[in-house]
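Peer 1: Give me a 3D structure for the following:
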Amino acid sequence: MTFFITSFISMMVIINPFSTIATLISLTKGAAKGERDRAAFMSSVVAFCVLVFFALSGFLVFQLYSITLEAFRIAGGMILLLIGLRMFTPDDKKPKHAAFDKHSFVVPLAIPMTAGPGAITTAVVLASQATTAWHAIALWAAIFTACIVNYVVLRFSDAIQRALGVDGTEAMTKIMGLLVCAVGVQFIITGLKVAFPLLA
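Peer 2: Numbers count the residues shown, from 1 in each chain. Sure, this is the predicted structure:
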């Protein structure tokens, strides 16, 4: 249960469905509500499949490219740190509106908005910490639960955006950004301690 809770919290702060609300609304502008709901559902399904795939195949990738877990943790931590910092700085160059594409649930909603580099890195690192079959099951359950929450948030994106308002949504994104930075720094610290025992 402890590993499940840790994995779920880690995945949730990285996925951060609140940061995807504006993108979903923009991409589905002018589309029927059913199409928006379908985009929310399918993006969560695709994200779940992608994250589980990398959680299962992470070790094979390590062996193929002779990458140590410590190196991946440090690199992943740096990526998460950069992602978290970007969440504090809005990108004014992002397009305000985009034409609705029925396949937009794959790109960009599922990849990279939901199952992006940060989420994939987190899934692989957590998989490396799963020392038993129960840990693996707990990780898959945590990913599944996080994707369910992601779907629920996106499913009610209109209501959530109205309730939080523009400022509230921005504040939530910044809070999640702070948590993402903290997770990234922790990954770096853990990787450095294992790679350089004298630092422990």
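Peer 1: Only C-alpha atoms from now on, for both contacts and neighbour counts.
Peer 2: Noted.
Peer 1: Leu154 touches Ala40, doesn't it?
Peer 2: Yes - at 5.6 Å, Leu154 counts as touching Ala40 under the criterion of C-alpha atoms under 8 Å.
Peer 1: Quick check: neighbours shared by those two?
Peer 2: Shared contacts of Leu154 and Ala40, defined by C-alpha atoms under 8 Å, 6 or more residues apart in numbering, comprise Leu24.
Peer 1: In contact with Val52, which residues?
Peer 2: By C-alpha under 8 Å, 6+ apart, the neighbours of Val52 are Ala123, Trp140, Ile143.
Peer 1: now the residues you listed as a markdown table including distance to Phe48, neighbour count and pLDDT?
Peer 2: Below are those laid out as a markdown table (distance: C-alpha to C-alpha, whole Å; neighbours: other C-alpha atoms under 10 Å; pLDDT from 0 to 100):
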| residue | distance to Phe48 | neighbour count | pLDDT |
| --- | --- | --- | --- |
| Ala123 | 11 | 27 | 93 |
| Trp140 | 9 | 22 | 95 |
| Ile143 | 7 | 28 | 97 |
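Peer 1: Secondary structure and distance to Ile79 added to the residues you listed, as a markdown table?
Peer 2: Shown next, in a markdown table, are the contacts of Val52 (DSSP: H, G, I helix; E, B strand; the rest coil; distance: C-alpha to C-alpha, whole Å):
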| residue | secondary structure | distance to Ile79 |
| --- | --- | --- |
| Ala123 | helix | 14 |
| Trp140 | helix | 23 |
| Ile143 | helix | 20 |
